[in-house]
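[1] Sequence first, then the predicted structure:
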Amino acid sequence: PYPAEIMRLDVKEAHALAEAGVDQALARLTNGRLEGFWIHFDVDVLDDETMPAVDYRMRDGLSFTELKRLLGAAFDTGKVKGMTLTIYNPNLDPQRTIARNLVAALSRARARGARVSFDPNLRRRLWPDEATIREAQEALYAVTDIALPSFDDEASLWGDRTPEATAGRLAGRAQARCTP
């Protein structure tokens, strides 16, 4: 149960939205009461064939066409302030094809005016090795406006000695705030 003032769409609702439904949903967000809104997008809502790199796979999830319609209409309002993308499991994407597509999607969102946040929330067991983690993080930091790394994770992965060293390493790539 979500508070009534929080607007959310589940997969079944998103499937049912024709173009008019998308417009109606967005009208609730753009009716003048809000200066803008943030999109939190769990990639596990995409169809199983489209997004196999998640732990919870969804048969009959959204297609890329439906996703483009929903996100495109949201960005067309000019009120998207940012976007967070979550729930990607790199062990299930050995060629990193899906990862490249997700980074490209975030880059397009940024080009349309969204701010992108990245919380590495590092789970080493999901990654084959540290070099792959570093490569993925570099790609994500390159399209990130707000980085929320944990200092312990960054120190162990990159050798940073202080939170200031982590912030300095990320300077120019993202607005970093290191948490202990």
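    The structure has been received and is ready for your questions.
[2] measure Asp153 to Pro163 for me?
    Asp153 sits 12 Å away from Pro163, going by C-beta to C-beta, to the nearest Å. C-betas here are computed from N, CA, C, even on glycine.
[3] So, low pLDDT: which residues of the protein?
    Along the chain, the model assigns pLDDT under 70 to residues 1, 7, 9-11, 14-15, 17-22, 172-180.
[4] how about the strands in it?
    37-42, 80-86, 115-118, 146-147, 175-176 (DSSP state E).
[5] tally of neighbours for the residue nearest to Thr162 when sequence neighbours are not counted?
    Of all residues not flanking Thr162 in the chain, Phe151 sits nearest, at 8.0 Å (C-beta to C-beta, 6 or more residues apart in numbering). Residues near Phe151, counting by other C-beta atoms under 10 Å, number 18.
[6] you'd agree Phe151 is up against Pro163?
    Yes. Counting by C-beta atoms under 8 Å, Phe151 touches Pro163, with 4.7 Å between them.
[7] Contact partners for Gly78?
    Residues in contact with Gly78 (C-beta atoms under 8 Å, 6 or more residues apart in numbering) are Gly113.
[8] mind checking how far the closest residue to Asp47 other than its chain neighbours is from Ala131?
    Take Asp47 and drop its neighbours on the chain: the residue closest to it by C-beta to C-beta, 6+ apart is Gly61, 4.0 Å away. Note on Gly61: its distance to Ala131, by C-beta to C-beta, is 31 Å.
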